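Engineer: Have a look at this fold, sequence not included:
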């Protein structure tokens, strides 16, 4: 998802109206484009989706004792070189949390890609909601 997000941001800032100015000016212009091209209900829904996925990522990241690993048939948690032996159930739980983190971050960037690309396509087609 990250390459898609980068490609959409590059395409978005490459638009004629977004080329001039500083990086902050380009970000404001891109935000204005999204607000003008998409209906409010879609912006609210995508904002809630983004916030929900971000919350899942933060919750998966907090309270982690380290990285769950399997070393020579034993399940351990590696915390900056200090390993602690854990049970298989704890190992599977920690691996599930790591997977949730990766999926939630990919979903966050996916929401961003969908919103920005939809705004760019609507602008290109001349379908702005709020001209």
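Structural biologist: On my side now, so go ahead. Being a predicted model, the structure only gives us computed values, none of them experimental.
Engineer: Flag every buried residue along the helix or strand bottoming out on mean pLDDT in the chain.
Structural biologist: Least confident helix or strand of the chain, by mean pLDDT, DSSP states H and E, is helix 2-13 with a mean of 71. Buried residues in helix 2-13, counted by 16 or more other Cβ atoms under 10 Å: 4, 5, 8, 9, 12. (C-beta placed from N, C-alpha, C; glycine too.)
Engineer: and which of these is nearest to residue 125?
Structural biologist: residue 12 (15.2 Å; Cβ to Cβ).
Engineer: Who are the packing partners of the helix or strand where residue 25 lies?
Structural biologist: Residue 25 belongs to helix 23-37 when assigned by DSSP states H and E. Helix 23-37 sits against helix 2-13, helix 88-125, with contacts defined as 3 or more Cβ pairs under 8 Å, 6 or more residues apart in numbering; DSSP states H and E.
Engineer: now these in a markdown table, with distance to residue 74?
Structural biologist: Formatted as a markdown table, the helices and strands packed on helix 23-37 follow (distance: least, Cβ to Cβ, whole Å):
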| stretch | distance to residue 74 |
| --- | --- |
| helix 2-13 | 34 |
| helix 88-125 | 10 |
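Engineer: and the ones you listed, which is most packed in?
Structural biologist: Most buried of the helices and strands packed on helix 23-37, by mean neighbour count (mean count of other Cβ atoms under 10 Å): helix 88-125, with a mean of 16.
Engineer: Find out how far it is from the centre of the chain, if you would.
Structural biologist: 5 Å (Cα atoms, centre = their mean, to the nearest Å).
Engineer: and that helix, what other elements does it pack with?
Structural biologist: For helix 88-125, the packing partners by 3+ Cβ pairs under 8 Å, 6+ apart come out as helix 2-13, helix 23-37, helix 40-61, strand 67-71, strand 74-79.
Engineer: of these, which approaches residue 125 most closely?
Structural biologist: Of the helices and strands packed on helix 88-125, the one closest to residue 125 (Cβ to Cβ) turns out to be helix 23-37, at 9.6 Å.
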